[in-house]
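J.: I need the structure of the sequence given here:
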Amino acid sequence: MTTNINPCTEYKKTSKRPPEGKCSICGTAIKSRVKYCGKECKRKGRKPCKKQSSSKYVISWRQRTKQKAVDYKGGCCQCCGYKECIKALTFHHIDPKKKTFSLGVDGKTRGWERIVQELDKCVLLCMNCHTETHAGLHPDYLIS
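T.: Sure, this is the predicted structure:
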């Protein structure tokens, strides 16, 4: 007469837990199946989120692309010549009906060729001249 032995239950009976380990961060003795001794060490041991690390590259890419776009359009306001701060320079679509997308507004990155096609429909203006253009003070840059 043979007895049916379940190999899984036999394994559980005979297997031993591995010896206690050490925290990956501080070296404190911990249970074998745990990697960190507590929440603080767990936070220190985490890798940076992909979204956080990739956002640095996206920001850098956008800054380089804006610099290229500003250089492409002459490097200064086409109305008053302002060129002190690149953040104060904007792209104004002369004819809003021909606008395919807004430059630097929707957060999407596009290839340089598409950006150049859109830049050709724009003038580079500083914030003051851009506001004055929409107020009607610079009619050369408005198409009604």
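
J.: for the rest of this, base every contact and every neighbour count on C-alpha atoms.
T.: OK.

J.: which stretches of the protein form helices?
T.: Ranges of helices in the chain, per DSSP state H, are 7-14, 39-45, 50-72, 112-119, 127-134.

J.: got those helices as CSV, with mean neighbour count columns?
T.: As requested, the helices of the chain are arranged in CSV below (neighbours: other Cα atoms under 10 Å):
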stretch, mean neighbour count
helix 7-14, 9
helix 39-45, 12
helix 50-72, 13
helix 112-119, 14
helix 127-134, 17
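
J.: want to throw those helices into CSV with distance to Leu103 and mean pLDDT?
T.: Output for the helices of the chain, formatted as CSV (distance: least, Cα to Cα, whole Å; pLDDT from 0 to 100):
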stretch, distance to Leu103, mean pLDDT
helix 7-14, 63, 52
helix 39-45, 38, 75
helix 50-72, 9, 81
helix 112-119, 8, 89
helix 127-134, 14, 92
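
J.: tabulate those helices (a markdown table), appending distance to His93.
T.: Output for those, formatted as a markdown table (distance: least, Cα to Cα, whole Å):
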| stretch | distance to His93 |
| --- | --- |
| helix 7-14 | 72 |
| helix 39-45 | 47 |
| helix 50-72 | 14 |
| helix 112-119 | 8 |
| helix 127-134 | 10 |
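
J.: out of those helices, which comes closest to Ala29?
T.: helix 39-45 (12.8 Å; Cα to Cα).
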